[in-house]
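Engineer: need a structure here:
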Amino acid sequence: MSQATTCLQQGDGGKTLPTSPPAPGSALGFPRETLFRQESGITYRIPALLYVPPAATFLAFAEKRSSPRDEDAKYLVLRRGHRRGSSVQWGPVEELSALVLPGHRTMNPCPLYDATSGTIFLFCICVEGAKTERRQIWGGCNAARLCCSSSHDGRAWAPLRDLTEQTVGPDLSRWATFAVGPGHGVQLSSGRLVVPAYAYCIQGWLCGLLPLPCCTRQHSLVFYSDDGGRSWHKGAPLGGEPTGECQVAEISGGEAPQPLLYCSARARRGCRAVALSADRGLRFQRPSRCQALGEPPQGCQGSVVGFSAPSGAGGEPVWLLYSHPTDRHRRRDLGVYLNPWPRDGAGWQLPWVLCPGPAGYSDLAACPGGVFGCLFECGTTSPCQEIAFCLFSLDTTRPGERDLKAF
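Structural biologist: Predicted coordinates for the structure are as follows:
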């Protein structure tokens, strides 16, 4: 497959850089706005971004913590941004401190929008006390609850619903722990609502009493609803090698009559794992390793969105955009990758670097007209220093070339 020449265009001045494998400090970076900043005794982590088309509004979520550690998470926070052309006007930080379960900390925001009813769903997990993920894995005793709130305007939120028993059911005894996202969920063309998730499944027990941590394997899966969010169910976990934090997007099925659900998951062995589902998330094919999308040694969460291909640009009807640190040795140099051929793992083009320097988790949102927002962790010495937002567009006006344009 031939790849078009790709370049990066920044601002209105027309500075153009040929795309090449990014080296630390080599990219100019895109203009960004800090939405959450680390202060004394306060850290913000785990960004999640949702665009609500009717209101032309971005909802930017994060966890508020007393330190960067997972066990020091408290509750979720939100900033609402109204898009006006090439700019976004952001409101103040809103603390969603009412969205908690007693004795639990709220983590992993995962919003999605139901265009049929105009409802915004906000999924999260609530974890008991200060129990760490490692403690749950080694003890084989889950302390997480699957919870959801909803809103029609992003301002007033319904009390949390604990969906754990309804959705996970008997499998909870075989899960050491689990989480949603983090990042965004999606609504499929069928109307189905899909929330990405992962679970640590217990594979073996010692003398029938204690779990064996070495036999606890991480697997991605999805939760879904076909009745507008009234009831939720779970799909089968991905098989094969361990997969963790994931996001999904609906793509063209090619010759198949139905679209495919594309899953990009955090994985080991240096690159992402990718799997496809022909039944909207009930079951996924065995994951394959995507060599074009590298992972640092311990991996990192990444975000993926699908969007309609620009008119006359070639490729498949739906393209994919993916954000993730581009450095394969450490979490830095946040990049955006484009794939006009989503079913082809070799279709990923070399990345544009949105933010050089330390960078971590991110979340993408697609807007009408080829405009995208990215919410991401970054800093000067650590990726936990702030959560910033960047707005950019995909430009295909020049034949054979594709640019990202920063507003």
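Engineer: I'd say residue 136 and residue 129 touch.
Structural biologist: No: using CB atoms under 8 Å, residue 136 makes no contact with residue 129, being 11.3 Å away. Heads up, the C-betas are built off the backbone N, CA and C, glycines and all.
Engineer: ok, these two, which is more surrounded?
Structural biologist: Shown here are residue 136 and residue 129; by other CB atoms under 10 Å, residue 136 has more neighbours (21 against 10).
Engineer: specify the local secondary structure of the more buried one.
Structural biologist: Residue 136 falls in the helix class when you classify it by DSSP: H, G, I helix; E, B strand; the rest coil.
Engineer: state the helix or strand in which the nearest residue to it once chain neighbours are set aside lies.
Structural biologist: In space, and not counting its chain neighbours, residue 136 is closest to residue 177: 3.9 Å by CB to CB, 6 or more residues apart in numbering. Secondary structure assignment for residue 177, by DSSP states H and E: strand 175-180.
Engineer: got a list of contacts for that strand?
Structural biologist: Strand 175-180 is contacted from outside by 107-108, 110, 123-125, 133, 136-137, 139-144, 146, 168, 195-202, 211, 216, 223, 245, using CB atoms under 8 Å, 6 or more residues apart in numbering.
Engineer: among those residues, name the ones in helices.
Structural biologist: 133, 136-137, 139 (DSSP state H).
Engineer: so which helix or strand of this protein has the lowest pLDDT on average?
Structural biologist: Least confident helix or strand of the chain, by mean pLDDT, DSSP states H and E, is strand 15-18 with a mean of 29.
Engineer: quick one: strands adjacent to the helix or strand just after that one?
Structural biologist: Where DSSP H and E defines the elements, the next helix or strand beyond strand 15-18 is strand 33-37. Partners of strand 33-37 in the sheet, by DSSP bridges, are strand 386-395 (antiparallel).
Engineer: tell me how many other residues surround the residue lying closest to residue 33 once chain neighbours are set aside.
Structural biologist: Residue nearest to residue 33 in three dimensions, not counting chain neighbours: residue 389, with 5.1 Å by CB to CB, 6+ apart. Neighbour count of residue 389, defined by other CB under 10 Å: 22.
Engineer: so residue 389 makes contact with residue 377?
Structural biologist: No: using CB under 8 Å, residue 389 is not in contact with residue 377; the gap is 11.5 Å.
Engineer: low-confidence bits of the stretch 101-250 of the chain, can you list those?
Structural biologist: For the stretch 101-250 of the chain, applying pLDDT under 70 flags the ranges 204-214.
Engineer: ranges for the strands of it?
Structural biologist: Along the stretch 101-250 of the chain, counting by DSSP state E, counting those that start in this stretch, strands occupy 104-114, 119-128, 144-151, 161-162, 175-180, 186-187, 193-202, 205-206, 210-211, 216-225, 233-234, 243-251.
Engineer: can I get these in TSV including distance to residue 42 and mean neighbour count?
Structural biologist: Formatted as TSV, the strands of the stretch 101-250 of the chain follow (distance: least, CB to CB, whole Å; neighbours: other CB atoms under 10 Å):
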stretch	distance to residue 42	mean neighbour count
strand 104-114	14	24
strand 119-128	19	24
strand 144-151	23	22
strand 161-162	27	14
strand 175-180	22	24
strand 186-187	31	19
strand 193-202	27	24
strand 205-206	41	12
strand 210-211	35	16
strand 216-225	30	23
strand 233-234	34	18
strand 243-251	24	25
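Engineer: strands of the stretch 301-407 of the chain, residue ranges please.
Structural biologist: 303-308, 318-325, 332-339, 352-367, 371-378, 386-395, 401-406.
Engineer: where does the stretch 251-400 of the chain dip in pLDDT?
Structural biologist: For the stretch 251-400 of the chain, the ranges with pLDDT under 70 are 256, 396-400.
Engineer: circling back to that earlier point, closest one to residue 35 among the strands of the stretch 101-250 of the chain?
Structural biologist: strand 104-114 (13.3 Å; CB to CB).
Engineer: given that closest one, what are its sheet partners and their directions?
Structural biologist: By DSSP bridges, strand 104-114 pairs with strand 119-128 (antiparallel).
Engineer: circling back to that earlier point, residue contacts, the residue nearest to residue 33?
Structural biologist: Contacts of residue 389 by CB under 8 Å, 6+ apart are 32-33, 35, 49, 58, 60, 81, 88, 90, 373-375.
Engineer: how many other residues sit next to residue 137?
Structural biologist: 18.
Engineer: and residue 33, by the same measure?
Structural biologist: 12.
Engineer: ok so, going back, redo the contacts of residue 389 as a markdown table? Include distance to residue 280.
Structural biologist: Formatted as a markdown table, the contacts of residue 389 follow (distance: CB to CB, whole Å):
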| residue | distance to residue 280 |
| --- | --- |
| 32 | 35 |
| 33 | 36 |
| 35 | 33 |
| 49 | 23 |
| 58 | 27 |
| 60 | 28 |
| 81 | 31 |
| 88 | 32 |
| 90 | 34 |
| 373 | 26 |
| 374 | 26 |
| 375 | 26 |
